[in-house]
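In: Predicted model and sequence follow; I will ask about them next.
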Protein chains: 2
Amino acid sequence: MSGANHPEQERQPYAPTPRPGGRSARVRADVVTATLAEVAEKGYDGLTVEAVATRSGVHKATLYRRWGGVDGLVADALTASADQPWPLPDTGDLRQDLRRITQEVFSVFTDPDLGPTPTALISAAQRSDAGAAALHAFFTARHRQAAEVAERAVARGELPAGTDGAEVVRAATAPLYYRLFVTGEPLDARTAERAADAAALAARAGLFTSALAAEEAHAKPNTTTPQGN
Amino acid sequence: MSGANHPEQERQPYAPTPRPGGRSARVRADVVTATLAEVAEKGYDGLTVEAVATRSGVHKATLYRRWGGVDGLVADALTASADQPWPLPDTGDLRQDLRRITQEVFSVFTDPDLGPTPTALISAAQRSDAGAAALHAFFTARHRQAAEVAERAVARGELPAGTDGAEVVRAATAPLYYRLFVTGEPLDARTAERAADAAALAARAGLFTSALAAEEAHAKPNTTTPQGN
């Protein structure tokens, strides 16, 4: 979610729009950048296809044809964000890894320069079905990626086999997003740290093992409990 | 948040609007009921002062004068909801109490009859500053009320002195609201139970003691650490 105005070069084009090649990918990057800037400045209510056209230099007719309208633009900006590389911490300790993750969420959303764009984007996405679907996909992808910190902890023997890694990540980050997007209560670094610690503790206690995942984990090395099918 | 159409009688009138007496309180109850019904049916985008006037039988001019417009109506509906009695569980066990609370959130929001109104109300409140302020006040009040389950656990010796009860409640409920209003991921009974268990575990481990609250707890029986002022 960079606010910089230069198009990213040769990014892998993405599913929801036609993608004939490099030029199309460049157009998309310009449109995403312009959409993010417009959403951050004016919010969903002030977002227009016209303004995105002007800012991106992409013709209005192209925007309507490829994105359908403002809701499609918002959804695609979110899809592009989900596509951004997102380096995961790997400190060798689950609690520290989760602290880094919640600290990152805290830092980004409360930073006066970095925060407004993702905040506005999430709020805008809540406004349409297309946006909500993209939001769902965005968070699902983030949870899946970040689940790796829990999977590594399982591999190290720090967490029980069958731990649902995405659920560990949800537990750590939910208290932050709850404040940011539901209650509007202030968020501080201590809350971020505490949420990570609570999630790590619950994960270690085996609260996030899923019956299904545990079964799969058991099934992998050797099938100890033969079951029908 | 009853969907019934009869006005509640002689409720205590509330701060944000003038409150000359019983008739005013009845008018307010009618208006809140009508606003909830309209929001649930049509959402924020379809909400009009006209429709609330028609449904409540209260004159449009009165609505504009007392509530200012749709945002004031939404905010006041939320304020009225916060004002509703909300019986707290008291099982004698923190984890069970928290499970009841998260089960209640789960049941209400996922119930096909009960869920749409509060869901629409929260979404509508996110759409204006007045609504956001009312939402903040609503959740702050709920956390404060529900904090009692943690305070009782402290009194029983189940939780360390100085536990921030509101934070325990936030920890238990955040994973539910996160799914409902941020990620749009499905919510099930197991998630609700797990969130309660994780919060209880973290609370027992002392993760939700606040330095300030701990100080106050110490200060109450006898002042051990004299400080300036």
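Out: Nice, I can see it. Just so it is clear, the structure is predicted and the values come from calculations on it, not from any experiment.
In: Now for A:A75: which residues touch it?
Out: A:P16, A:A125, A:S128, A:A130, A:G131, A:A133, A:A134 (C-beta atoms under 8 Å, 6 or more residues apart in numbering or on different chains). Glycine gets a C-beta too; all of them are placed from N, C-alpha and C.
In: Turn these into CSV, including secondary structure and distance to B:R156.
Out: Shown next, in CSV, are the contacts of A:A75 (DSSP: H, G, I helix; E, B strand; the rest coil; distance: C-beta to C-beta, whole Å):
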residue, secondary structure, distance to B:R156
A:P16, coil, 54
A:A125, helix, 44
A:S128, coil, 48
A:A130, helix, 50
A:G131, helix, 46
A:A133, helix, 46
A:A134, helix, 46
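In: Chain B next: which of those are close?
Out: Filtering these for neighbours of chain B using C-beta under 8 Å from any C-beta of the partner chain leaves A:A133.
In: For the contacts of A:A75, could you give me a markdown table that also reports neighbour count and pLDDT?
Out: Formatted as a markdown table, the contacts of A:A75 follow (neighbours: other C-beta atoms under 10 Å in any protein chain shown; pLDDT from 0 to 100):
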| residue | neighbour count | pLDDT |
| --- | --- | --- |
| A:P16 | 18 | 47 |
| A:A125 | 25 | 96 |
| A:S128 | 18 | 94 |
| A:A130 | 21 | 96 |
| A:G131 | 25 | 96 |
| A:A133 | 16 | 97 |
| A:A134 | 26 | 97 |
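In: Go through the contacts of A:A75 and name the one nearest chain B.
Out: Nearest to chain B out of the contacts of A:A75 is A:A133 (C-beta to the nearest C-beta; 7.8 Å).
In: Just the pLDDT for the closest residue to the closest one other than its chain neighbours.
Out: Among residues not flanking A:A133 along the chain, A:A75 sits closest, at 6.8 Å (C-beta to C-beta, 6 or more residues apart in numbering or on different chains). For A:A75, the pLDDT comes out at 97.
In: What residues sit buried inside stretch A:135-152?
Out: Residues A:135-139, A:142-143, A:145-147, A:149-150, A:152 are the ones in stretch A:135-152 that count as buried (16 or more other C-beta atoms under 10 Å in any protein chain shown).
In: Take the residues you listed and keep only those in helices.
Out: Among the buried residues of stretch A:135-152, DSSP state H puts A:135-139, A:142-143, A:145-147, A:149-150, A:152 in helices.
In: any idea how chain A splits into domains?
Out: Chain A resolves into domains spanning A:8-82, A:94-218 when parsed by automatic domain parsing.
In: any idea which of the ones you listed is most buried?
Out: Of all the domains of chain A, domain A:94-218 has the most neighbours on average by mean count of other C-beta atoms under 10 Å in any protein chain shown, namely a mean of 20.
In: just how off-centre is that one within its chain?
Out: Mean C-alpha position of domain A:94-218 versus that of the full chain (C-alpha atoms, centre = their mean, to the nearest Å) differs by 9 Å.
In: measure the closest residue to A:G184 other than its chain neighbours to A:E50 for me?
Out: Spatial nearest neighbour of A:G184, chain neighbours left out: B:H136 (4.2 Å); criterion: C-beta to C-beta, 6+ apart. Here B:H136 is placed at a distance of 34 Å from A:E50 (C-beta to C-beta, to the nearest Å).
In: likewise A:L63?
Out: 9 Å.
In: which SS class is the spatially closest residue to A:T110 that is not a sequence neighbour?
Out: Distance criterion C-beta to C-beta, 6+ apart; nearest residue to A:T110, sequence neighbours excluded, is A:L187 at 6.0 Å. At A:L187 the chain is in coil, as set by DSSP: H, G, I helix; E, B strand; the rest coil.
In: who's in contact with A:L187?
Out: Contacts of A:L187 by C-beta under 8 Å, 6+ apart are A:F106, A:F109, A:T110, A:L176, A:R179, A:L180.
In: got a pLDDT number for the fifth one?
Out: Looking at A:R179, its pLDDT stands at 97.
In: in terms of contact, does it touch A:A192 like I think?
Out: No: with contact defined as C-beta atoms under 8 Å, A:R179 does not reach A:A192; the gap is 10.0 Å.
In: list the contacts for A:A120?
Out: Counted by C-beta under 8 Å, 6+ apart, A:A120 has contacts A:V39, A:A40, A:G43, A:Y44.
In: Mind telling me what element it is part of?
Out: Assigned by DSSP states H and E, A:A120 belongs to helix A:116-125.
In: Which parts of chain A are helices?
Out: A:22-46, A:49-56, A:60-67, A:70-83, A:94-110, A:116-125, A:129-155, A:165-178, A:189-204, A:211-219.
In: just checking, what packs against the fifth one?
Out: Judged by 3 or more C-beta pairs under 8 Å, 6 or more residues apart in numbering or on different chains; DSSP states H and E, the packing partners of helix A:94-110 are helix A:116-125, helix A:129-155, helix A:165-178, helix A:189-204.
In: Would you tell me which of these gets closest to A:T91?
Out: Smallest distance to A:T91 across the helices and strands packed on helix A:94-110 (C-beta to C-beta): 8.9 Å, for helix A:129-155.
In: quick one: pLDDT of A:P20?
Out: pLDDT at A:P20 comes out at 52.
In: Also the one 10 residues further on?
Out: Turning to A:D30, the model gives it a pLDDT of 97.
In: so how far is chain B from it?
Out: 28 Å (C-beta to the nearest C-beta, to the nearest Å).
In: Quick check, that residue in contact with A:T62.
Out: No: judged on C-beta under 8 Å, A:D30 makes no contact with A:T62 at a distance of 10.8 Å.
In: near chain B, which residues of chain A show up?
Out: So chain A meets chain B at A:122-123, A:126, A:132-133, A:135-136, A:139-140, A:167, A:170-171, A:173-175, A:177-179, A:181-185, A:194-195, A:197-199, A:201-202, A:205, A:207-208 (C-beta under 8 Å from any C-beta).
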